[in-house]
Every structure is written in C-alpha cells, then in structure tokens.
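Visitor: Return a 3D structure for these sequence lines:
(chains A and B, ligands or ions: 5)
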There are 2 protein chains.
Amino acid sequence: MPALPCWLPAYTPLDDFSLENIPFGAGVLPDSSSACCVTRINTYIISLNALADAGLLDDLTTHAGLSVRSAFTAQSTLNAFMALGRPAWRSVRTRIQELFTIGGRRDIHDDESLQSKVMHDASQVKMTLPCTIGDYTDFYCSKEHATNVGVMFRGGPPEKALMENWKTMPVGYHGRASSVVVSGTPVVHPSGQLRPDPSADPTHGPCRTVDFELEMAVFVGTGNDMGTSIGVDEAEDKIFGMTLMNDWSARDVQKYEYVPLGPFGAKNWATTISPWIVTLDALAPFRTNAPVQDLAPVLPYLTEKHRHTFDIDLKVAIEPASGEGASVVCRSNYKHLYWTAKQMLAHHTVTGCNMRPGDLFASGTISGSDASSFGSMLELSWQGTRPLDLGNGVTRTFVQDGDNVVMTGCAQGDGFRVGFGTCEGHVMPAASGR
Amino acid sequence: MPALPCWLPAYTPLDDFSLENIPFGAGVLPDSSSACCVTRINTYIISLNALADAGLLDDLTTHAGLSVRSAFTAQSTLNAFMALGRPAWRSVRTRIQELFTIGGRRDIHDDESLQSKVMHDASQVKMTLPCTIGDYTDFYCSKEHATNVGVMFRGGPPEKALMENWKTMPVGYHGRASSVVVSGTPVVHPSGQLRPDPSADPTHGPCRTVDFELEMAVFVGTGNDMGTSIGVDEAEDKIFGMTLMNDWSARDVQKYEYVPLGPFGAKNWATTISPWIVTLDALAPFRTNAPVQDLAPVLPYLTEKHRHTFDIDLKVAIEPASGEGASVVCRSNYKHLYWTAKQMLAHHTVTGCNMRPGDLFASGTISGSDASSFGSMLELSWQGTRPLDLGNGVTRTFVQDGDNVVMTGCAQGDGFRVGFGTCEGHVMPAASGR
Ligand SMILES: [Ca+2]
Ligand SMILES: [Ca+2]
Ligand SMILES: [Mg+2]
Ligand SMILES: [Mg+2]
Ligand code: NI
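Guide: Residues are numbered from 1 along each chain as shown, chains lettered A, B, ... in the order given. Ligands and ions are numbered 1, 2, ... in the order given. Sure thing, here's the model as predicted:
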C-alpha cells in the first residue's frame, strides 16, 4: 500500500502524523481562550470545529441519523464525538483524508480564508486533555512485567511468580481520573508512608523510588449500560482509539500500602497521557497475532474469534536536567501483551460495570522478555541494584527531580508511519514542608 | 437545645428532615424535564434554584465575593455550589432555616405564588444523583470489619488478622464512579469468574454470594491542586457532607480476583447512595469522641488536634420479594470507625492526589464488635455458615434476587432528629445469557 499523497507544503508520510494517521485530540488555538477538537497532519493542527462550522461534515451522519456536525459545535472535548460510534469516527477520518489528499476534495485547498480558520501551526497550539475522563482503569497485562514484579515484591522463582488469577483474567484495578494529565504537564515529587525497614515503624517522607511505567491506554467510545457486558468480539467497535501513558509510580509507597486492596497513593498523584488518540482504523495495517495464551484455559467470555494485536514500537528516554540530552532506557512493543484490549474491555464489563464515552483503560506496564525492553525503572535497575548508564557518567536507578521522562510510540508502514507523538513530563521537587 | 419551630403544616422535628437538618440534593420536580438543586423539610422538597431565582440568596456571597445565586442558576447538580466553600454552604443552610422558622423571614410564608414555585411534595419529586462524581474511593476504616474479613479470607486468629499497614493508615482503593447510582435504582445480579474449588479451573457464571456493605460516604466540597496535600486539621472545611452508601459486592468474584491489585469486578457493578447530603454543620450536635488509636503510633500527618467523629445510628433491613416485609439484619453506628473522615482525606492526598468538588469517598463497611452490628452478610452469616432468620421461615446467608436492601441512618438530638433518608435498591435477576 503506497502512502497517500498530500498537498500540504513540505508534507512527508514518514512522520508520526501522516495522512494515514488522522489522530484525534483537543487543543487551544492561537487567539482562543477555550479548547476545540483537532487532528494533526505533520506540523499542521486541523480544527475539527472549524471543519464542522464550514459545513464540511454536514453530510456525515450516524446510523441512527445523528448529526456529526453537532458533535463538534462549541465542544471543547471529544466526548460527544466519541459517543457517536465507529461509523462516524471512520467517516470523519475519511473526510479529512479526502480534504488533504492530492486529487481529493478541493474545499480547503482552494480557499485561503478557510485555510486560515482550519489550519494552525502545531507550535502555536496548546494541547489539552482530549476528553473528560469519567473513570480510569489500569490493567496488568504483560506477563513479563507481572513476573518481574512478582519475583521482586514476593520472592520465589520466575515460573512461580504469577498469581493463579493472572493466568485466567486480565487483572486490573481502578485508578484515579482526576490526576490524569496531558503530556508536558510537570508532576510533583510525591511523599507518603514508607517502611524501608519492616522491623521498624513506618515514616512519612519523600518517595525515594519515583518510577515511570510505559503503558498504552484505550479510550472507550460508545459504552454499555450498567448491568450489561460487552462481548469480546464486539469490543473493538466500542474502542475509540489509543494513546501512550506514563503511570507514574512511587515504589516504596506502593510496597507498603498495596496489601490487600491494591495500589492507592503510590499511583494517584499523576498519570500522563499523550495528547493524540490514534484510531484502530489507523492502526489496522499494523495488526499482528497476539501471543498464544497457554498458561491456562481461556474462558469463553474472553475467547476471541481473531486473536490480533498491533505492532507498535515503544521507547522511553530520560532527559536529565543537567543537560546531557535524552538517553533511551527502554525499547518495547505493544504486541508483547498477553491480554488484548478486547479482552480487557470484556473483562471490565463482565460483572455489569458500565463504560461511558471518554472512559480510559490502560494496559499495564509493557515489558518484553529482553532486559532492555522492561517498561519501568523498577525492572530496568532491578530494584535499584543495577544502575543504568545514561552516558557522560550520569546514572539512574529511579527517576530524579528535574528529569524529563519521554515516551514515544510509532508503527512503521510501507512508506508511511503512524505515530502517537510524545508522552512526557518533568518531575518537579515538592514545595518545602511536604 | 430545643428544636427550631417551623411554620410548615403538620411539621415535626422528629423526622429525618427536620429544620435542623437542611440536607442538599438534586431532583426532578413535577412538570420539569431536568433536575434542579433541592433541600427537604419533612415531606416538602424545597427548590434551591427557585429560591435563587426569587432573589432570596442574592445577599449571600463567598469570602472571595463569588455569587451564591449563580451556583444554582440553571444547575442540575450541586457541583458549582460545592466549589464555593463552607461559609457559602453555611449561609445557605442558615437562610433556609430563617425562611421556614416561626418568627423568621416571611418572604415565602406570605407569598402563595412563591410557595408554589419553591415547595413541592416529596412523593412527586424524582431524586437524582446530587452531583457529578468525578472520582469515587472506598476506604476500609472499621477495625472490626477488617478483622472479620482477614480471619475469613486469610485465616488465623482475630488478633493477627489486621495487616501491618492497616494499623498506620486508612487503607483504601479507587472505586468505579460510573456505577454509583441513587437510592431506588435497581441493580442487576452480577456474573464473573468464580473459583469455589481452588484445585479446579475457574468458571464464568452468576455470583452465588451477592452482598451489601453498610457504609457512609463523604462528598468533597472544595478540593486541592495536584501536587498538594490537605492537612488533617483543615480537612473538615473541605468536606461538603455525608450520605449513606451500599457498596454492593460479589464475594466469590472478589475472593478469586483481589490479589494483588485489590477488588475490581466484584465491586464495580453497582454502588448505591442515599439522595441527601447531610452537612457537617447539621451533624455538629452529634460530635463524639472517636476510638482511641492504640494499634500503632499515628504519624503526624494523620494526628488530629480534636479526635472527633459523629454518633449516627445505622440500620440495614432486607425486604424479600415474597412480601414478608422488611427485617432488620444489622444495627451499627458511624462512631465505631477507627479512622476518621479527616484522616481519610489527609491520607488520600498525602502523595499529591487532587480532589475535585463532588468527589466521593466512603468509609468502608461499618461493623461494630457485636455480631448483630456487622455491616455485611459475609460477616453476619459468617461466610454463609450461619443463616439469618428474617421471620416467617425466611432465611438468608447472602442477598437473593428480588430482595430490597434498605439502609437508614439517623442522629437523635434533644427533641429533634437529623437523618439521611434511605439508601435502597432491589437486586434484579440478570437477563438470560449473562
Ligand atoms: Ca500501571
Ligand atoms: Ca467497601
Ligand atoms: Mg498513575
Ligand atoms: Mg461498589
Ligand atoms: Ni485472523
């Protein structure tokens, strides 16, 4: 499949934001005080609200006859668009491709006044959270990560590290939606209860083991009613798209607090997502087989007709405040995950939990089998016992104040690329007294 | 303190909704299609939006000079009012008391046309969720409940049942906000992964041990920014008020899934709250000392200047579909909790988690030391080994389809009462095929 040609100046398909991508997000345009819905092609931010206002989405409707235009009118988030369903998401992506392809529709190409309303320089746009996130959930779907954590937190050999339930369900927990922030938002070094010496009383103080977790997260589009479940083979049509996620973690806080109700303060102080939601339609060329599930029989409600996932290369870099530049500390891939997003959604709703447009669920840390593919400093430095060399004599066991943690993700096609942009955040020192 | 006199017909102070109470909620009035903000005195629902429209709140402002009136104008939830802060909550409650006290303001008393806008019969009003709940958290603050669960789920003697962290922090986990529903909403019998026989593979099927959990929950009013914490002695001014809560639980699902990340599908299918939020000002006459915390040293960030809680009698009744009438199965009291709401809020924010107006956090199951005060069927029937007699030969070990579970809560003053109304819900059979 050759790359789509695009009439935008200096266009290249070898960019995260090719014409094959058309991700969705929200951002504040120059000379505006509130956010609007946007997509991006190379360095051009395209206002979906302006496309709708210009009547360019008027002929697009949902199966139920709902207007696509009204889902953007005066909207600062994607929630209304997410609620419309996959045919609407598809038709908008296709329309945008038509408007910017050479040989496609000339509405924008031939109208400079419209161009000034629709097209904006990415460097001038402040990206915001793409939608209101009603609920955020974090799963734990990497066999390699769960094995590593089991060995480190509970001891024993790797082949005994997985809990029995891990083998028969995508284990997950509810996270904190209020502290999900968009890439670029600084996060503050957390304090909490620590008990480094289990024979002594716990203390209250700054976390000594600030960590990232490399994850990918799914935004729910259409949801389900309370008391109903989403079938594993209908789950894909409910998924609006995917982002990169850094599930910031305070390891020492986590280690003391997590029994028996799971992580709480260790995780709720910040979670960073990339601003762009890449649709499953854009990811379709990168489908690949998911790992064979041979740990235990898979129950029917989790058994997929087609056991597919996506081949998405992931990278984490640390950029110290001291100016050495970014140093890659992890290379992983979304396809390593044992449980797929479809299985996560089916399991999330199995007891009748309702999902709403804009709800978010994350994969859990994405580690591969190779030590350089581990998705957290906890694993990369093996609980701090193996410092990582960032070059120029700089080393890290965990994340330090001033560090910028930068995650990127990208699927490489034949002559084009579909990428996620960056998911990054600086760790700031806490104000004194905390 | 004698009860305030009230000019409403047939008024009695010996009612959950006395003039001393003035709880806040939201509901749909007769001949209206959307909800508005309301309070209640005996059987009269009072529209706060109508009071605001009539100019009766115009002179009330916040310390920052924000208008109280605008927090109700065209609002269908309490979130805007919650964000104004405790002086505003207080001034509105006091104004309503002035308007309905004998010898107080005559604005409503003397204006029949205004009465028809402001006052409505409770039986004609459909109560809704009082606010948009951004995040919901469930704590685990009853020593008796945590001990009972520890003994049943993990074995061993009661004095060893508490985890070490339980003794030094209010342990909690994030819950699911989307499935928090208002009293009266039916809930659907959940299915999930069960493993009654740990030596066999798990199965997918209907939960066999549907349970309630008697809890009280706090609505956050003003919150805090991400990266900051709320001090334990400033926490009370951040709390808008309290409700009753039934944290519906699927015990067999919970038992298999909860390691190591905590309860998930076992809890996210439904959580019922009473429609009325009772303020801490209304509860002030019922302050009492909280239990002495002697299990372990309390860290400074959790140490309260005044270790107070509230004396609130709580009851759970089961009303079987077969028509025997409601049978009380549990009598407990909010004052039993080892950790206070102030400590929960300080701990919730200790790592920097931000709270928003309308966020909800619950106490965990409120059990006393007496077996008749246990707040769940799990404890009352001791894992199903001791069936409860509901009268007329009807027994229960857990909740059955068709049962209505009714929670009530009330503080008894000298000649008046401050109550919470009811928190109830029927369990409906699942649609076939689930
Ligand atoms: Ca995680
Ligand atoms: Ca609970
Ligand atoms: Mg997080
Ligand atoms: Mg619940
Ligand atoms: Ni296939």
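
Visitor: Going by C-alpha atoms from here, please, whenever you check contacts or count neighbours.
Guide: Fine.

Visitor: Next up, the contacts around A:Thr62.
Guide: Applying Cα atoms under 8 Å, 6 or more residues apart in numbering or on different chains, we find A:Thr62 in contact with A:68, A:84-85, A:87-88.

Visitor: rerun that using 6 Å as the cut-off
Guide: If a contact means Cα atoms under 6 Å, 6 or more residues apart in numbering or on different chains, then A:Thr62 has A:Ala88 as its contacts.

Visitor: next one: A:Asp294
Guide: So A:Asp294 contacts nothing (Cα under 6 Å, 6+ apart).

Visitor: now for the longest helix along chain A, which elements pack on it?
Guide: Assignment by DSSP state H gives helix A:86-100 as the longest helix of chain A. Applying 3 or more Cα pairs under 6 Å, 6 or more residues apart in numbering or on different chains; DSSP states H and E, one finds that helix A:86-100 makes contact with no other helix or strand.

Visitor: List the buried residues in the helix or strand that comes right after it.
Guide: Using DSSP states H and E, the next helix or strand after helix A:86-100 towards the C-terminus is helix A:112-118. Residues A:115, A:117-118 are the ones in helix A:112-118 that count as buried (16 or more other Cα atoms under 10 Å in any protein chain shown).

Visitor: Contacts made by helix A:112-118 with the rest, please.
Guide: A:46-47, A:50, A:108.

Visitor: next SSE after it?
Guide: Helix A:112-118 is succeeded, C-terminally, by strand A:119-121 (DSSP H and E).

Visitor: okay if I get the buried residues of helix A:112-118 as TSV plus pLDDT?
Guide: Formatted as TSV, the buried residues of helix A:112-118 follow (pLDDT from 0 to 100):
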residue	pLDDT
A:Gln115	98
A:Lys117	97
A:Val118	98
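
Visitor: Would you mind giving the domain segments of chain A?
Guide: A:25-128, A:136-428 (automatic domain parsing).

Visitor: From start to finish, how long is the last one in a straight line?
Guide: Start and end residues of domain A:136-428 are separated by 24 Å (Cα to Cα, to the nearest Å).

Visitor: To which secondary structure element is A:Gln343 assigned?
Guide: Counting by DSSP H and E, A:Gln343 is part of helix A:341-348.

Visitor: hmm, back to that, the longest helix of chain A: which residues count as buried?
Guide: For helix A:86-100, by 16+ other Cα under 10 Å, it's A:86, A:88-89, A:91-93, A:95-100.

Visitor: Nearest to chain B, out of those residues: which one, please.
Guide: A:Arg86 (21.9 Å; Cα to the nearest Cα).

Visitor: confidence score at that closest one?
Guide: We have a pLDDT of 97 for A:Arg86.

Visitor: One more: A:Met1?
Guide: The model's pLDDT for A:Met1 equals 64.

Visitor: how many other residues sit next to A:Asp252?
Guide: A count of nearby residues for A:Asp252, using other Cα atoms under 10 Å in any protein chain shown, gives 21.

Visitor: does whichever residue of the stretch 201-350 of chain A sits closest to ligand 4 sit in a helix, a strand or a coil?
Guide: Minimum separation of the stretch 201-350 of chain A from ligand 4 (Cα to the ion) falls at A:Met226, amounting to 12.2 Å. Following DSSP: H, G, I helix; E, B strand; the rest coil, A:Met226 is assigned to coil.

Visitor: I figured it was touching A:Asn354, is that so?
Guide: Yes: the criterion here is Cα atoms under 6 Å, and A:Met226 meets it with A:Asn354 at 4.3 Å.

Visitor: Tell me where the stretch 51-200 of chain A has strands.
Guide: For the stretch 51-200 of chain A, applying DSSP state E, counting those that start in this stretch gives strands covering A:119-121, A:126-128, A:136-139, A:172-174, A:180-182, A:187-188, A:191-194.

Visitor: residues in contact with A:Ser18?
Guide: Applying Cα under 6 Å, 6+ apart, the residues near A:Ser18 are A:Ile41.

Visitor: May I have the secondary structure class of it?
Guide: coil.

Visitor: JSON lines for the contacts of helix A:112-118, including secondary structure?
Guide: JSON lines is the format used below for the contacts of helix A:112-118 (three-state DSSP):
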{"residue": "A:Ile46", "secondary structure": "strand"}
{"residue": "A:Ser47", "secondary structure": "strand"}
{"residue": "A:Ala50", "secondary structure": "helix"}
{"residue": "A:Ile108", "secondary structure": "coil"}
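
Visitor: of those residues, closest to ligand 4?
Guide: Nearest to ligand 4 among the contacts of helix A:112-118, with distances taken as Cα to the ion, is A:Ser47, at 40.0 Å.

Visitor: Report pLDDT for the nearest residue to the closest one once chain neighbours are set aside.
Guide: Nearest in space to A:Ser47, with sequence neighbours left out and distances taken as Cα to Cα, 6 or more residues apart in numbering or on different chains, is A:Val38 at 4.5 Å. As predicted, A:Val38 sits at a pLDDT of 98.

Visitor: Next, A:Val38: phi, psi?
Guide: phi -140, psi 160 (degrees, to the nearest 10).

Visitor: Okay, helices next: where are they in the stretch 251-400 of chain A?
Guide: A:251-257, A:280-283, A:341-348, A:377-380 (DSSP state H, counting those that start in this stretch).

Visitor: Other residues contacting the second one?
Guide: By that I understand helix A:280-283. A:21, A:241.

Visitor: Check which residues of it are buried.
Guide: Neighbour-count burial for helix A:280-283 [16+ other Cα under 10 Å]: A:280-283.

Visitor: again with stretch A:325-345
Guide: Buried residues in stretch A:325-345 (16+ other Cα under 10 Å): A:326-345.

Visitor: now do stretch A:296-310
Guide: A:298, A:301-304, A:307-310.
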